[in-house]
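Enquirer: Structure of the sequence below:
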Amino acid sequence: MFFGKVVILIIINTFVLLKRIFYILLFIGFSFSGFSQTKSSSFATNDVTKSVKLYPNPAVSFINFEFSKKYDPSYTIVIFSFIGKKVEEIKVSDQKMTISLNNYYRGVYIFQLRDSMGNIIESGKFQVVK
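Expert: Reported below is the predicted structural model:
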């Protein structure tokens, strides 16, 4: 009886782990698909035009997002933890925004710049070190 319960718990935990791995791989696939949708702007690095520049990276207590001259105020920044959990969604209010990292844990985060329809304009990653 006890052995059967242990086997069931092991199967459930394995399923949960596989589900998390699936979502991580799915999220990474969507993150990189955003690079093909990048719009042109004045920030250029490695032959890929960027519409957002972020610094400092790695960051400790804050991170700056600076947008090209043709930014749209209807854009939003969506920040995800590396395992795919949405951490924050911020409406773009200015050409340069500073985001406090007080409620962020140490680790790698992924951001997506999205338009009003939810399409990914650009995506990237930053690291928080505390």
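Enquirer: lowest average confidence, helix or strand, in the protein?
Expert: Here the helix or strand of the chain ranked lowest by mean pLDDT, DSSP states H and E is strand 43-45, holding a mean of 41.
Enquirer: for the most centrally placed residue in the chain, which residues make a bridge with it?
Expert: Note on the chain: the residue nearest the mean C-alpha position is Ile110, at 2.2 Å, using C-alpha atoms, centre = their mean. Here Ile110 sits in beta bridges with Phe80, Lys125, going by DSSP bridges.
Enquirer: Same check on the one 10 residues further on?
Expert: According to DSSP bridges, the residues that bridge with Ile120 are Arg114.
Enquirer: Distance of it relative to Pro58?
Expert: As judged by C-beta to C-beta, to the nearest Å, Ile120 and Pro58 stand 23 Å apart. From N, CA and C alone the C-beta is placed, and that goes for glycine too.
Enquirer: what does the model give the residue nearest to the centre of the chain for pLDDT?
Expert: pLDDT recorded at Ile110 is 95.
Enquirer: cool, Val48 as well?
Expert: With respect to pLDDT, Val48 scores 51.
Enquirer: The one 5 residues further on now?
Expert: For Lys53, the pLDDT comes out at 92.
Enquirer: and it, how far is that from Glu122?
Expert: Distance of Lys53 to Glu122, given as C-beta to C-beta: 10 Å.
Enquirer: where are the low-confidence patches of this structure?
Expert: Where the chain drops to pLDDT under 70, the residues are 1-3, 6, 17, 22-49.
Enquirer: so where do the strands sit in it?
Expert: 43-45, 48-50, 52-55, 62-67, 76-81, 86-91, 96-100, 107-114, 120-128 (DSSP state E).
Enquirer: how far does the fourth one sit from the chain's center?
Expert: From the chain centre to the centre of strand 62-67 is a distance of 14 Å (C-alpha atoms, centre = their mean, to the nearest Å).
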